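S.K.: Would you be able to build a 3D model of this:
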Amino acid sequence: MRSRRILVGLVLAALALSACTSSGAPNPSTAPQAASVDIGLGKQKFEAVCASCHGVDGKGLPGLGKDLTTSQFVKSQTDEQLVE
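M.R.: Residues are numbered from 1 along each chain as shown. Next up, the predicted model:
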């Protein structure tokens, strides 16, 4: 059950990261519909479960977690696949 919570948090965080431009501002062309994704909840879950290894910025910590912002796996998935 814990691994499922971690995966859900990671997916929501990846969605939040993919919806941003390099300036950190939301990019409306890639942002998921607000009705289908609660980005605030994803951020909360990411900070509670994932940030200890992947860092609060998702760029990973040496010897702990990989950089999610450059992850080929995350980039190769659609938003729908990541949520699934």
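
S.K.: can you pull out the helices in this protein?
M.R.: Remark: helices assigned in the chain by DSSP state H are 2-18, 39-45, 51-54, 72-76, 79-83.

S.K.: Which of those has the lowest mean pLDDT?
M.R.: Averaging pLDDT over each of the helices of the chain singles out helix 2-18 as the lowest, with a mean of 64.

S.K.: Which residues in stretch 65-80 does the neighbour count mark as buried?
M.R.: For stretch 65-80, the neighbour count (16 or more other CB atoms under 10 Å) marks Gly65, Leu68, Thr69, Ser71, Val74, Gln77, Asp79 as buried. (Each C-beta comes from the backbone N, C-alpha and C, glycine too.)

S.K.: out of these, which one sits closest to Asp57?
M.R.: For the buried residues of stretch 65-80, the minimum distance to Asp57 (CB to CB) is 7.6 Å, reached by Thr69.

S.K.: give me phi/psi at that closest one?
M.R.: When read as degrees, to the nearest 10, the backbone of Thr69 gives phi -80, psi -20.

S.K.: Check Thr70 too.
M.R.: Dihedral angles phi and psi of Thr70 (degrees, to the nearest 10) take the values phi -120, psi 10.

S.K.: Give me the lowest-pLDDT entry from the buried residues of stretch 65-80.
M.R.: Scoring the buried residues of stretch 65-80 by pLDDT puts Asp79 last, at 74.

S.K.: Quick check: that one vs Ile39, distance?
M.R.: In this view, Asp79 and Ile39 are 12 Å apart by CB to CB, to the nearest Å.
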